[in-house]
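[1] kindly generate the corresponding structure for this input.
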Amino acid sequence: MSYRNEEYYINNSVTLAKQVDVDFAEHSGIDFDTYSIEELKVLWRTTLKKGMHGICFSMYEDGQEPGDIITEEQVERRVKILKPYSKWVRSFSCIEGNEHIPRIAHKHGMKTMVGAWLSDNKEDNEKEIEGLIQLAKEGVVDIAAVGNEVLYRNDLSLEELLAYIKRVKDAVPSVQVGYVDAYYEFSIHPELVEISDVILSNCYPYWEGCHIDGALGHMQQMFGQATDAARGKKVIITETGWPSEGGSLKGAFSSEENAMKYFVNTQAWVAKTNTEVFYFSSFDESWKTGDEGDVGAFWGLWDKHEKLKF
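    Down below sits the predicted model:
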């Protein structure tokens, strides 16, 4: 995900709070003014050890990128690292070795949100959809995510996307099926809400240029907008996070301090509200510097060498 136009900002937090029955003031975040950097690191570690609902799986080591075939051994090593810290893992594709993620995660007792990566490449889309259906029939898919930010990238029309979602729902009716995109897409396209069993919403204050001091509140408002659009269906935050280095965007600055603050605040809010969140991301990935610039390589809780950052 990358920069969001200001027209999608949420301005009426009071109204949204009433709509979704969320008391934003109660969850305004931790006062970090009294914390030294070393104390913040201890708090970050303590928070991580308490465990997360979900984590987004970072697939690629240094020198690897989408299109490379990834081995079971590499996937298993990374799943084992994540298992003590997260109940769920989210994958983004069903081909090129990504199909190992749900199988290995289930073997280790983790639940899975499994994504089919859809693009304007119809041939690859067929492989992804068939792969997702196969994995679901194997019993290793707890939630199926048909596409990720397809509408944001303008890769498919809404009608094409809905057809793919319906195809998966028809093939595996026992599995919850949804589609992942930015929170506001579900307000713009109520058809997505109608067809989905669960609403899968990406919420990134960083990509809207939000200062870290207001980031938790802004993320809550994003969630509030998606919840309002969901019309009673469950909303899961499928991605949120903060980069530890790289660049900046308006008031949003990437730094180790801000990355720790955002993670701690997000997990504290999750604990208070029982909101289901998949944190982005597990490991730093060097290949992710294209559209996002240098900041794209530094969203992990672990660095590219699979070592905890703080």
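
[2] show me the contacts for the residue nearest in space to the middle of the chain.
    Centroid check for the chain by C-alpha atoms, centre = their mean gives Glu239 as the closest residue, at 1.9 Å. By C-beta atoms under 8 Å, 6 or more residues apart in numbering, the contact list for Glu239 reads 1, 56, 180, 202-204, 278, 280-281. Where C-beta positions appear, they are placed from N, C-alpha and C, glycine not excepted.

[3] now do the SS call for it.
    Under the three-state scheme (DSSP: H, G, I helix; E, B strand; the rest coil), Glu239 adopts strand.

[4] and of the contacts of Glu239, the nearest to Arg153?
    Met1 (9.8 Å; C-beta to C-beta).

[5] can I get stretch 126-145 as CSV, trimmed to CA atoms?
    Provided in CSV are the C-alpha atoms of stretch 126-145 (Å, rounded to 0.1, in the frame of the first residue of the first chain):
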residue,chain,number,x,y,z
GLU,A,126,-6.4,-18.6,-12.7
LYS,A,127,-3.4,-20.3,-10.9
GLU,A,128,-4.0,-18.2,-7.8
ILE,A,129,-7.8,-18.9,-7.6
GLU,A,130,-7.4,-22.6,-8.2
GLY,A,131,-4.6,-22.7,-5.7
LEU,A,132,-6.7,-21.0,-3.1
ILE,A,133,-9.6,-23.4,-3.7
GLN,A,134,-7.3,-26.4,-3.5
LEU,A,135,-5.8,-25.2,-0.1
ALA,A,136,-9.3,-24.6,1.2
LYS,A,137,-10.4,-28.1,0.3
GLU,A,138,-7.3,-29.4,2.1
GLY,A,139,-8.6,-27.7,5.3
VAL,A,140,-5.7,-25.3,5.8
VAL,A,141,-7.6,-22.1,5.0
ASP,A,142,-9.5,-20.5,7.9
ILE,A,143,-10.3,-17.3,6.0
ALA,A,144,-9.9,-16.9,2.2
ALA,A,145,-8.9,-13.4,1.0
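
[6] what mean pLDDT does that stretch get?
    If you average the pLDDT over stretch 126-145, you get 98.

[7] re the thing from before, beta partners of the residue nearest to the centre of the chain?
    Asn202 (DSSP bridges).

[8] please report how far it lies from Ser36.
    Using C-beta to C-beta, to the nearest Å, Glu239 is found at 30 Å from Ser36.

[9] do a quick rundown of the helices in the stretch 151-300 of the chain.
    For the stretch 151-300 of the chain, helices defined by DSSP state H, counting those that start in this stretch occupy the ranges 158-171, 185-188, 190-195, 212-230, 256-273.

[10] got the ones you listed as JSON lines, with distance to Met52 and mean pLDDT columns?
    Shown next, in JSON lines, are the helices of the stretch 151-300 of the chain (distance: least, C-beta to C-beta, whole Å; pLDDT from 0 to 100):
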{"stretch": "helix 158-171", "distance to Met52": "26", "mean pLDDT": "98"}
{"stretch": "helix 185-188", "distance to Met52": "24", "mean pLDDT": "98"}
{"stretch": "helix 190-195", "distance to Met52": "26", "mean pLDDT": "98"}
{"stretch": "helix 212-230", "distance to Met52": "15", "mean pLDDT": "97"}
{"stretch": "helix 256-273", "distance to Met52": "7", "mean pLDDT": "97"}
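
[11] wasn't Gly54 part of a strand?
    Yes: according to three-state DSSP, Gly54 belongs to a strand.

[12] isn't it right up against Arg90?
    Yes: contact criterion C-beta atoms under 8 Å: Gly54 and Arg90 qualify, at 5.9 Å.

[13] residue ranges with poor pLDDT in the chain?
    1-27 (pLDDT under 70).

[14] how does it look with 50?
    Residue ranges of the chain with pLDDT under 50: 2-3, 6-26.

[15] strands of the protein, residue ranges please.
    Assigned by DSSP state E, the chain shows strands spanning 52-56, 86-91, 111-116, 143-148, 176-182, 199-202, 235-240, 248-249, 252-253, 277-279.

[16] ok, Gly54 and Arg90, which is more surrounded?
    It is Arg90, of Gly54 and Arg90, that has more neighbours when counted by other C-beta atoms under 10 Å, with 30 against 26.

[17] which residues touch that one?
    Applying C-beta under 8 Å, 6+ apart, we find Arg90 in contact with 54-57, 112-115, 145, 238, 278.

[18] I'd like those residues laid out as a markdown table, including distance to Glu138.
    Output for these, formatted as a markdown table (distance: C-beta to C-beta, whole Å):
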| residue | distance to Glu138 |
| --- | --- |
| Gly54 | 20 |
| Ile55 | 22 |
| Cys56 | 22 |
| Phe57 | 18 |
| Thr112 | 11 |
| Met113 | 15 |
| Val114 | 10 |
| Gly115 | 16 |
| Ala145 | 17 |
| Thr238 | 22 |
| Phe278 | 22 |
